[in-house]
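Visitor: give me coordinates for this.
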Amino acid sequence: MPKMKIDGVEIEVPAGITVLQACELAGVEIPRFCYHERLSIAGNCRMCLVEQEKAPKPIASCAMPVMENMVIHTNTPMVQKARNGVMEFLLINHPLDCPICDQGGECDLQDQAMAYGFDRSRYHENKRAVPDKELGPLVKTSMNRCIHCTRCIRFATEVAGVEELGATGRGESMEVTTYVEHALSTELSGNLVDLCPVGALTSKPYAFEARSWELSKTESIDVMDGLGANIRVDTRGAQVMRVLPRLNDDVNEEWISDKTRHALDGLRHQRLDRPYVRRAGKLVEATWDQAFGAIEAKLKGLDGAKIAAISGDQCDAEAMVALKDLMTALGSPNIDCRQDGAKLDGGPRGSYIFNPGVRGIDSADAVLLIGTNPRWESPVLNARLRKRYLAGHCAMASVGPAVDFTYPVERLGAGPATLRDLVDGKLGFFEKLKAAKHPLIIIGMGALAREDGAAVLALARDLAEKLDAVRADWSGFAILHTTAARVGGLDLGLVPAEGGRDVAGILAGCEKREIEVVYLLAADEIDTKRLGKAFVIYQGHHGDAGAHRADVILPGAAYTEKPGTYVNTEGRVQLGQRAAYPPGDAREDWAVLRALSERLGKTLPYDSLNEVRARLVTVNRNFAAIDQQAAGSWGMFGKAGTVSDAPFVSPIANFYMTCPISRASKTMAECMASRAQLMAAE
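Guide: Numbers count the residues shown, from 1 in each chain. Have a look, this model is predicted:
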């Protein structure tokens with residue numbers, strides 16, 4: 001490790017890092033605009049100039065590698081003059097927009113102009129004017145403010161994998177543009193706003209809505225997909241104003257998907273804010289007592305075998321354990337958390353989690369995707385796969401839909417027959433997987449949520465065992481879930497008990513009138529037409545499919561309105577926090593179930609959130625390990641049998657609308673229209 005001096009202090013630093021990174025390790029702050037630790041080095045802005053002994057002029061610290069016995073000064077008169085000069089040049093053409101700029105209060109240019117700028121300008125010429133660009137419904141452009149740092153270009157090319165942004169012209173004529181004007185075709189475009197150090201790229205839905213200092217900030221967890229991205233929810237009063245990413249290198253680094261960021265306006269529309277009871281064929285407003293009374297009257301004396309419950313895709317673990325306990329108290333074995341019918345039975349934990357963890361992708365040297373399109377099912381995880389591809393020496397192949405993953409993937413086939421050939425060693429990619437030290441097999445819901453899903457799962461297990469992909473030092477068997485509640489539900493045992501019915505069995509039972517009461521806990525992704533004449537209790541936060549079919553509606557809280565425990569696709573237990581309160585009479589889901597149980601004479605044994613969480617740990621010890629990830633236990637799972645010839649199909653046909661919140665979002669509807677227009681133009 002090289003030794004060097006920074007401002008007179010000797011420090012030993014890792015070989016290969018830059019002077020800027022070495023200064024950060026030494027605790028010295030270096031101003032920068034173009035440099036970003038997750039992007040390639042551009043060296044455009046020159047704001048990071050420092051003085052190196054024996055060098056004829058200041059050096060750009062972001063682009064200079066450290067060397068043995070290097071001596072760096074970061075606060076000499078030469079450095080101060082250089083930074084003042086750079087800042088003066090940057091402000092030559094920058095408009096005086098600060099009072100109306102959405103970046104105000106969070107602007108790197110403002111902050112660094114205060115520290116390194118002058119209080120006047122020596123330039124009196126007219127500022128240049130640059131036309132704004134159309135980047136779609138999410139990113140608003142004010143290109144007069146652009147300082148040509150090229151962060152947006154590098155992000156689009158390197159992280160998002162869409163080479164649609166670039167620079168034209170030179171010098172004062174340079175412009176950042178899409179070449180051919182159209183909306184960006186990436187599910188990660190909102191991250192451009194976070195990266196932009198000035199106000200050139202801002203959030204279009206959030207434009208002129210609020211100032212940063214007006215907002216209350218709450219750290220929480222995203223539930224729009226199975227990744228469990230770490231987010232910050234900013235609120236003003238009772239309203240969620242924006243969602244931003246939080247840094248977590250193990251999960252989402254510092255990126256979030258556009259749906260995570262912008263579906264929040266769906267929280268304001270089509271909300272359930274009071275109980276309803278169906279009378280004479282119409283839903284009418286009711287009190288909690290009347291709603292509970294209607295449920296009590298229907299359940300009184302009813303055999304538990306005629307009662308069923310289905311939990312939804314965004315439920316917190318507290319609500320699911322309360323639902324499971326209530327169904328057990330009522331004597332019902334009919335409960336399921338797998339709305340899509342995925343053939344995961346809650347066996348060994350290693351059979352239903354992303355065992356290597358998201359960070360394990362960085363270690364993989366051969367990746368096989370089975371029945372999944374991670375670009376839509378988990379865009380941030382897909383960016384991690386692209387990052388692994390860019391690092392090199394990683395073979396990638398797919399059995400499933402032919403889509404643009406944003407990185408080259410060898411398509412082996414479309415369905416289970418190809419997987420069978422791979423298990424039998426008939427395909428050349430088998431040898432690549434066999435030769436890999438860390439093979440990674442990723443199975444999506446497109447392979448498991450079908451009639452032969454159990455047989456496909458058994459084939460995938462056989463392949464992992466043949467490749468020795470699951471061993472003490474590596475577990476390369478990974479299930480990619482598309483929903484935030486699925487792993488938590490399987491951990492808690494929300495699958496049919498002995499003699500119980502799964503979702504398909506419940507719906508079939510409703511059609512045959514063998515199931516008389518169905519409790520839908522925010523479950524909207526089922527075919528509600530198949531519920532027949534059953535008495536439907538819907539507990540949720542939006543007036544979506546389940547509420548339209550309900551006989552009794554109990555208003556619950558959305559994920560931003562309650563503290564909740566969620567388990568992501570890799571089995572990591574994470575805690576979400578309340579950022580706002582639910583509207584009207586809506587309450588936290590576990591509290592509603594607790595109150596209902598008392599009315600039914602089956603009082604659940606907990607009265608507070610801490611007691612519910614203690615119950616979670618009692619049911620499954622994994623809930624005691626907050627924010628920890630480890631490979632699950634291995635064993636027999638799946639069911640050998642005949643597989644269909646039908647090709648694997650991704651369960652997500654429309655990325656922008658996958659849940660009640662996103663379906664209620666006007667912004668997501670605009671994104672759909674923009675994407676349709678883009679596809680039509682192609």
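
Visitor: tell me who's in contact with residue 212.
Guide: 104-106, 234 (C-beta atoms under 8 Å, 6 or more residues apart in numbering). Any C-beta I mention is one placed from the backbone N, CA and C, and that applies to glycine too.

Visitor: how about a cut-off of 7 Å?
Guide: Under the criterion of C-beta atoms under 7 Å, 6 or more residues apart in numbering, the neighbours of residue 212 are 105-106.

Visitor: again, but for residue 414
Guide: 400, 647-648.

Visitor: go with 10 Å
Guide: 371, 398-402, 645-649 (C-beta atoms under 10 Å, 6 or more residues apart in numbering).

Visitor: any idea how far the helix or strand of the chain with the lowest mean pLDDT is from the chain center?
Guide: When the helices and strands of the chain are scored by mean pLDDT, DSSP states H and E, helix 666-681 comes last with a mean of 87. Helix 666-681 has its C-alpha centroid displaced from the chain centroid by 21 Å (C-alpha atoms, centre = their mean, to the nearest Å).

Visitor: try stretch 2-17
Guide: That offset, for stretch 2-17, works out to 38 Å (C-alpha atoms, centre = their mean).

Visitor: just checking, what packs against the least confident helix or strand of the chain?
Guide: Secondary-structure packing of helix 666-681 (3 or more C-beta pairs under 10 Å, 6 or more residues apart in numbering; DSSP states H and E): helix 258-262, helix 660-663.

Visitor: ok, now which ones touch residue 592?
Guide: 275, 288, 291-292, 319, 322, 521, 539, 554-557, 586.

Visitor: for residue 288, see how far away it is.
Guide: Computed as C-beta to C-beta, to the nearest Å, the residue 592 to residue 288 distance reads 9 Å.

Visitor: shared neighbours of these two, which are they?
Guide: Shared contacts of residue 592 and residue 288, counting by C-beta under 10 Å, 6+ apart, come down to 275, 554-555.

Visitor: quick one: residues contacting the most centrally placed residue in the chain.
Guide: When C-alpha atoms, centre = their mean is applied to the chain, the residue found nearest the centroid is residue 229 (4.4 Å). By C-beta under 10 Å, 6+ apart, the residues touching residue 229 are 221-223, 243, 245-246, 248, 251-257, 260-261, 378-381, 484, 568, 574.

Visitor: show me just the buried residues among these.
Guide: 221-223, 243, 245-246, 248, 251-257, 260-261, 378-381, 484, 568, 574 (16 or more other C-beta atoms under 10 Å).

Visitor: among those, which are located in strands?
Guide: With strands taken from DSSP state E, the overlap with these comprises 221, 243, 245, 574.

Visitor: take those and write them to JSON lines, including distance to residue 491 and pLDDT.
Guide: Output for these, formatted as JSON lines (distance: C-beta to C-beta, whole Å; pLDDT from 0 to 100):
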{"residue": "221", "distance to residue 491": "16", "pLDDT": "97"}
{"residue": "243", "distance to residue 491": "26", "pLDDT": "97"}
{"residue": "245", "distance to residue 491": "26", "pLDDT": "97"}
{"residue": "574", "distance to residue 491": "13", "pLDDT": "97"}
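
Visitor: what sits against residue 411?
Guide: Residue 411 neighbours (C-beta under 10 Å, 6+ apart): 369, 397-403, 418.

Visitor: send the alpha carbons of the helix or strand containing it over as CSV?
Guide: Per DSSP states H and E, residue 411 falls inside strand 410-413. Output in CSV follows, covering the C-alpha atoms of strand 410-413 (Å, rounded to 0.1, in the frame of the first residue of the first chain):
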residue,chain,number,x,y,z
GLU,A,410,-27.2,-15.8,-24.5
ARG,A,411,-30.7,-17.1,-25.0
LEU,A,412,-30.7,-20.8,-24.6
GLY,A,413,-34.5,-21.4,-25.1
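
Visitor: if we can go back for a sec, for ChimeraX, write the select line for the buried members of the contacts of residue 414.
Guide: Only the buried entries of the contacts of residue 414 go into this ChimeraX selection, using 16+ other C-beta under 10 Å:
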select :371,398,399,400,401,647,648,649
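
Visitor: can you name the two of the contacts of residue 414 that are farthest apart?
Guide: 398 and 645 (17.9 Å; C-beta to C-beta).

Visitor: before we move on, back to that, of the contacts of residue 414, closest to residue 681?
Guide: Checking the contacts of residue 414 one by one against residue 681 (C-beta to C-beta), the nearest turns out to be residue 402, at 20.8 Å.

Visitor: ok, that closest one to residue 18 distance?
Guide: From residue 402 to residue 18 the distance is 41 Å (C-beta to C-beta).

Visitor: with residue 110 instead?
Guide: 26 Å.

Visitor: all strands of the stretch 351-500 of the chain, in order?
Guide: 366-370, 395-399, 410-413, 439-444, 470-471, 474-475, 477-480 (DSSP state E, counting those that start in this stretch).

Visitor: in a strand, residue 293, correct?
Guide: No: counting by DSSP: H, G, I helix; E, B strand; the rest coil, residue 293 is located in no strand; its state is helix.
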